[in-house]
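> Sequence first, predicted model second:
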Amino acid sequence: MLLKRKHTTKDKPLIFVVEENKVYNNFICTYLSSNSFKNTQSYHSGAEALKMIKQSPDILIFNYNIDTMNGVEFLKFVKTVNNEIEILILAEQDNLEKEVESMKYGAFDYIIKDENAFPNLIKQINNILLKKKSINHNKRTWTILVFIALVATLFYILIYGILYNNNLL
């Protein structure tokens with residue numbers, strides 16, 4: 001069952017923060033809010049967040065060692081529900097194998113919980129928003145081009161029909 005976006009967000013992406021440590025979770029949400037990302041929802045378990053996934057968040061930030069499943073299992077499940085959700089994974093340690101596997105299954109980034117974690121989150125959220133904006137721009141461009149091609153084809157058919165009916169061909 002693939003869920004699609006119900007609403008469009010331009011300046012206010014919906015961000016889910018899933019972190020079991022309530023203090024760290026609060027720090028993340030406060031930092032995001034202080035950087036103009038005020039549309040956040042905080043969850044303390046993966047199960048809690050999955051119950052609300054129908055809201056189709058733009059971005060989901062979660063701790064790799066999430067309650068009952070590992071980060072890759074959680075990532076795979078979220079991507080099967082809605083492949084358009086961008087995922088940022090937070091991890092306690094740098095682990096190349098976990099990082100590569102996470103990226104392979106669709107994580108946008110794997111961020112280590114260190115002194116640079118919060119600035120890295122903001123940087124990657126902005127990168128996600130730029131990517132989404134670019135994709136939307138490309139879709140609009142293609143829509144316009146298809147419309148022009150359609151009009152040109154109809155015009156050609158109309159002119160051909162007029163010429164044919166008047167025995168000018």
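Cool, got the structure. Numbers count the residues shown, from 1 in each chain.
> Asn35 contacts Ile122, correct?
Yes - the criterion here is C-beta atoms under 8 Å, and Asn35 meets it with Ile122 at 5.1 Å. Glycine gets a C-beta too; all of them are placed from N, C-alpha and C.
> Just want to check the distance between Lys98 and Leu75.
11 Å (C-beta to C-beta, to the nearest Å).
> list residues touching both of Asn35 and Ile122?
Here Asn35 and Ile122 have no joint contacts, going by C-beta atoms under 8 Å, 6 or more residues apart in numbering.
> all strands for the chain, in order.
Secondary structure of the chain by DSSP state E: the strands cover 15-18, 40-43, 59-63, 86-91, 107-112.
> Out of the ones you listed, the one nearest Gly161 is which?
Nearest to Gly161 among the strands of the chain is strand 86-91 (49.1 Å), distances taken as C-beta to C-beta.
> what angle do that closest one and strand 59-63 make?
Interaxial angle, strand 86-91 versus strand 59-63 (axes from the mean of the first three to the mean of the last three C-alpha atoms, to 10 degrees): 20 degrees.
> Give me the distance from strand 86-91 to the chain's centre.
Averaging C-alpha positions (C-alpha atoms, centre = their mean, to the nearest Å) puts strand 86-91 11 Å from its chain's average.
> same check, this time on stretch 79-95
On C-alpha atoms, centre = their mean, the centre of stretch 79-95 falls 10 Å from that of its chain.
> what ranges of the chain fall below the confidence cut-off?
Residues of the chain that meet the criterion pLDDT under 70 lie in 1-11, 137, 169.
> Turn the strands of the chain into TSV, columns for distance to Cys29 and mean neighbour count.
Formatted as TSV, the strands of the chain follow (distance: least, C-beta to C-beta, whole Å; neighbours: other C-beta atoms under 10 Å):
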stretch	distance to Cys29	mean neighbour count
strand 15-18	6	25
strand 40-43	5	18
strand 59-63	10	24
strand 86-91	13	22
strand 107-112	16	21
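> Which among those is found nearest to Val151?
Per C-beta to C-beta, nearest to Val151 of the strands of the chain: strand 86-91, 35.7 Å.
> Partner strands of that closest one, with direction?
strand 59-63 (parallel), strand 107-112 (parallel) (DSSP bridges).
> hmm, back to that, right, so of the strands of the chain, which gets closest to Asn26?
strand 40-43 (7.4 Å).
> Tell me the helices and strands packed up against the closest one.
strand 15-18, helix 22-34 (3 or more C-beta pairs under 8 Å, 6 or more residues apart in numbering; DSSP states H and E).
> what are the pairing partners of that strand, and which direction each?
The pairing partners recorded for strand 40-43 under DSSP bridges are strand 15-18 (parallel).
> Helices of this protein, residue ranges please.
Taking DSSP state H to define them, one finds helices in the chain at 22-34, 46-51, 71-81, 96-104, 117-165.
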